[in-house]
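Participant: Have a look at this prediction, sequence included:
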Amino acid sequence: MYAQFNEQFAAATRQFADTAARINRLTLESAEAIVGLQLAAIEERSSATFAFLGEAAQVRDLDGAKNLLPRGAQVARENIERTLTTGQDVLGRIAKVQESVAQIAKGQFDAAARSANDTVKQAQEQFTQAAKGAAEQAANVATGKAAK
């Protein structure tokens with residue numbers, strides 16, 4: 001009995017460890033992709049901002065400053081758009097990872113339900129066989145007593 005319990009416990013522990021490893025791998029891959037997206041966005045935004053600042057440093061008169069204002073507004077708008085786009089990409093990747101984790105968890109629950117169902121069926125079969133054996137013994141004892 002203890003050996004069967006130990007085997008079941010070891011199998012459940014192994015399954016839990018495998019599942020945790022799969023979830024950790026998915027999470028780390030997602031985090032790596034998210035950091036890559038954010039670094040690329042930061043690089044693009046900083047390049048555009050520094051290019052604008054370089055243009056601003058070249059301005060020497062009031063007319064140049066007036067011409068620079070629309071360019072500054074455009075750079076700011078583009079930076080905001082890139083930030084929002086990157087945020088949407090990050091949220092999309094997070095949603096995909098959560099879906100994957102939910103699918104893994106659903107698979108684990110389904111496997112546990114199947115295992116529990118199989119265990120109940122085995123116990124039911126053992127009980128039925130034991131009951132049949134006991135009924136047969138009782139019938140033999142009753143017929144043996146009646147025969148004497």
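Facilitator: Great, that's in hand.
Participant: give me every residue that touches the residue nearest the centre of the chain.
Facilitator: Nearest to the geometric centre of the chain sits Val101, at 2.2 Å (Cα atoms, centre = their mean). Going by Cβ atoms under 8 Å, 6 or more residues apart in numbering, Val101 touches Ile23, Leu26, Thr27. Every residue, glycine included, has its C-beta placed from N, CA and C.
Participant: Pull out the buried members of the residues you listed.
Facilitator: Leu26 (16 or more other Cβ atoms under 10 Å).
Participant: coming back round to it: how about the secondary structure of the residue nearest to the centre of the chain?
Facilitator: Secondary structure, DSSP: H, G, I helix; E, B strand; the rest coil: Val101 is helix.
Participant: That one and Asp63, how far apart?
Facilitator: 58 Å (Cβ to Cβ, to the nearest Å).
Participant: Distance from stretch 104-118 to the middle of the chain?
Facilitator: 17 Å (Cα atoms, centre = their mean, to the nearest Å).
Participant: Identify all contacting residues around that stretch.
Facilitator: Contacts for stretch 104-118 (Cβ under 8 Å, 6+ apart): Gln15, Thr19, Arg22, Ile23.
Participant: Give me the local confidence score for the third one.
Facilitator: On the pLDDT scale, Arg22 is placed at 91.
Participant: Could you find the closest non-adjacent residue to it?
Facilitator: Ile104 (6.0 Å; Cβ to Cβ, 6 or more residues apart in numbering).
Participant: tell me which element Arg22 falls in.
Facilitator: helix 2-58 (DSSP states H and E).
Participant: what is the orientation angle of the helix or strand that contains Val141 with helix 2-58?
Facilitator: Assigned by DSSP H and E, Val141 falls within helix 62-147. Computed by axes from the mean of the first three to the mean of the last three Cα atoms, to 10 degrees, the angle separating helix 62-147 from helix 2-58 equals 170 degrees.
Participant: related to what we said a few turns ago, which helices and strands sit right next to the helix holding Arg22?
Facilitator: helix 62-147 (3 or more Cβ pairs under 8 Å, 6 or more residues apart in numbering; DSSP states H and E).
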